[in-house]
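Student: Okay, here's the prediction I keep looking at, along with the sequence it came from:
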Amino acid sequence: MSLVELILYMLIAGVVLVLVSSIFINGWGAQVATTDRDAATGQANLVTASLQKSIRNATEIHPSTGSGDTLVAVVATGSSGWECRAWKRDATGDLLYKSSNSAIDTSVTTGWAKLATGIDDGPIFSAPSSTRLEYSFTASAGSATVPITGAVKAQAVIQGAGPCW
């Protein structure tokens, strides 16, 4: 084998190595982006399902005025049972959830469950009436963001339920 052939083989091997490396790097980047998107979508779906199921079974809702980052609802749990449920976006962008058999103090979030992280600033919850909730937020994970907008109407009727706020 001559020196020219050896150099030629090394150049070809180098080109193949660069191509294989770029394919691997692009695939890895696509995998990271897909994982981020799936995480953001999963969080958004969890929050939406929690809100839709709870508020549809609620008798009354009470969102925070001004900030729009807190929501409390009186939710039917059976033919005569009820409980208080609350959602709150904290200062770090986490959306928290709590249920209780009595009124919920939304100023203390110790012991609340975390439903999502990376929730954007700005009002999340608004209520044109005491039985209709509108929500709008963006869930983020890594480089992916998923905008969510929806509405739900409280439809349950329970005598003597509450108070939750």
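Tutor: Right, received. Where do you want to start?

Student: Next up, the contacts around Ser102.
Tutor: Cys84 (C-beta atoms under 8 Å, 6 or more residues apart in numbering). All C-beta atoms are positioned from the backbone trio N, CA, C, and that covers glycine.

Student: in which helix or strand would I find it?
Tutor: In this assignment (DSSP states H and E), Ser102 forms part of neither any helix nor any strand.

Student: Val4 now?
Tutor: Going by DSSP H and E, Val4 is in helix 3-56.

Student: which helices and strands sit right next to that helix?
Tutor: strand 70-76, strand 82-89, strand 113-116, strand 132-141, strand 144-153 (3 or more C-beta pairs under 8 Å, 6 or more residues apart in numbering; DSSP states H and E).

Student: what's the angle from the lowest-mean-pLDDT helix or strand in the chain to strand 132-141?
Tutor: Least confident helix or strand, the chain: helix 3-56 with a mean of 88, by mean pLDDT, DSSP states H and E. Angle, helix 3-56 to strand 132-141, by axes from the mean of the first three to the mean of the last three C-alpha atoms, to 10 degrees: 160 degrees.

Student: chain center to helix 3-56, what's the gap?
Tutor: 23 Å (C-alpha atoms, centre = their mean, to the nearest Å).

Student: what's the angle from it to strand 70-76?
Tutor: Using the same axes, to 10 degrees: helix 3-56 against strand 70-76 is 60 degrees.
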